[in-house]
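> Coordinates only, no sequence provided:
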Ligand code: HPA
């Protein structure tokens, strides 16, 4: 799949609609090691991603690869418990499909999460970071889910990206974090292609261009969401210190372990936000 067609989106949405009548208001993507929240969804319908035509398969440990539709804090939600990444071999178009289908089913808000490495030296593993903006580095080089004929009914050919992450949702997240004493950093997220973690020189470059946290996801999904007029809230779980000095080694096990600390904090934050939407 090089680019999405209306038919791709309609076919996938129809396959989901055959399993549940839910019309989700909120879409949610839960990143590496952060899927636990999906287990507490009420009246949940769980659909394996391989049952949906065109859906990108998630092959990485810590990603269940399930679509979970149901109710959370009184909101109708469509949750991806685990996502697929570009490095797994799926196309950007397929990554975009996941958000397009949410839009097709009526979702107005996307809450997107990820595990990320701290490029900002002040950040501590286990903390959450509100994504205030992103740098679409792989998109700048052409790897964008919006490549191909524009789907005018979703959004314009040249979409504005001056405010990808919604200011009101950010304000709400800050309030909820303060009320619940959840430490919440703020900063700029960058998506690299992966699957390699960064070299010390990569990280010095990223710090130099103003990055606070680095990961391998989220930007494509947020881009499709904004193109389609959704309001987006983005949260990174800081899973490791980035190896700026060349003395630290980063592993996926470390990322998943940090998820154990991050997931409960993320759950408090997201539930609090959902209650007030
Ligand atoms: N780099 C890139 N992606 C990541 C990292 C990292 O250090 N940690 C979690 N995802």
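Structure received. This is a predicted model, so every value here is computed, not measured.

> Let me see the mean pLDDT of the longest helix along the chain.
Using DSSP state H to define each element, the chain has its longest helix at helix 252-275. The pLDDT scores in helix 252-275 average 92.

> Next: stretch 95-103.
Per-residue pLDDT over stretch 95-103 has a mean of 98.

> before we move on, what about stretch 224-238?
Per-residue scores along stretch 224-238 average to 98.

> how far does it stretch from start to finish?
Its first and final residues considered, stretch 224-238 spans 24 Å by Cα to Cα, to the nearest Å.

> Can you list the buried residues in that stretch?
224-228, 230-238 (16 or more other Cβ atoms under 10 Å). Every residue, glycine included, has its C-beta placed from N, CA and C.

> which other residues reach the longest helix of the chain?
26, 28, 32-37, 40, 60-62, 72-75, 77, 111, 113, 115, 125-126, 128, 169, 172-173, 176-177, 179-180, 182-184, 233, 235, 237-240 (Cβ atoms under 8 Å, 6 or more residues apart in numbering).

> From the residues you listed, pick out the ones that also neighbour the ligand.
Within the set of these, contact with the ligand (Cβ under 6 Å from any ligand atom) is found for 115, 239-240.

> Turn the buried residues of stretch 224-238 into a markdown table, including distance to residue 14 and secondary structure.
Conversion of the buried residues of stretch 224-238 to a markdown table gives the following (distance: Cβ to Cβ, whole Å; DSSP: H, G, I helix; E, B strand; the rest coil):
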| residue | distance to residue 14 | secondary structure |
| --- | --- | --- |
| 224 | 19 | helix |
| 225 | 21 | helix |
| 226 | 25 | helix |
| 227 | 22 | helix |
| 228 | 18 | coil |
| 230 | 21 | coil |
| 231 | 25 | strand |
| 232 | 25 | strand |
| 233 | 28 | strand |
| 234 | 29 | strand |
| 235 | 31 | strand |
| 236 | 33 | strand |
| 237 | 34 | strand |
| 238 | 39 | strand |
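
> before we move on, the earlier item: selection in PyMOL covering whichever of the contacts of helix 252-275 are buried, please.
This is how PyMOL selects the buried members of the contacts of helix 252-275, with burial counted by 16+ other Cβ under 10 Å:
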select buried, resi 26+28+32+33+34+35+36+37+60+62+72+73+75+77+111+113+115+125+126+128+169+172+173+176+177+182+184+233+235+237+238+239+240
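
> if you look at the contacts of helix 252-275, which of them are in helices?
Short answer: the contacts of helix 252-275 in helices (DSSP H) are 169, 172-173, 176-177, 179.

> Any chance of the ones next to the ligand among the contacts of helix 252-275 in TSV with distance to residue 189 as columns?
TSV is the format used below for those (distance: Cβ to Cβ, whole Å):
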residue	distance to residue 189
115	11
239	13
240	15
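
> Just the ones in strands from the residues you listed, please.
Judged by DSSP state E, those include 115, 239-240 as members of strands.

> how much space is there between residue 50 and residue 58?
Distance of residue 50 to residue 58, given as Cβ to Cβ, to the nearest Å: 10 Å.

> what residues do those two have in common as contacts?
With Cβ under 8 Å, 6+ apart as the test, residue 50 and residue 58 both reach residue 65.
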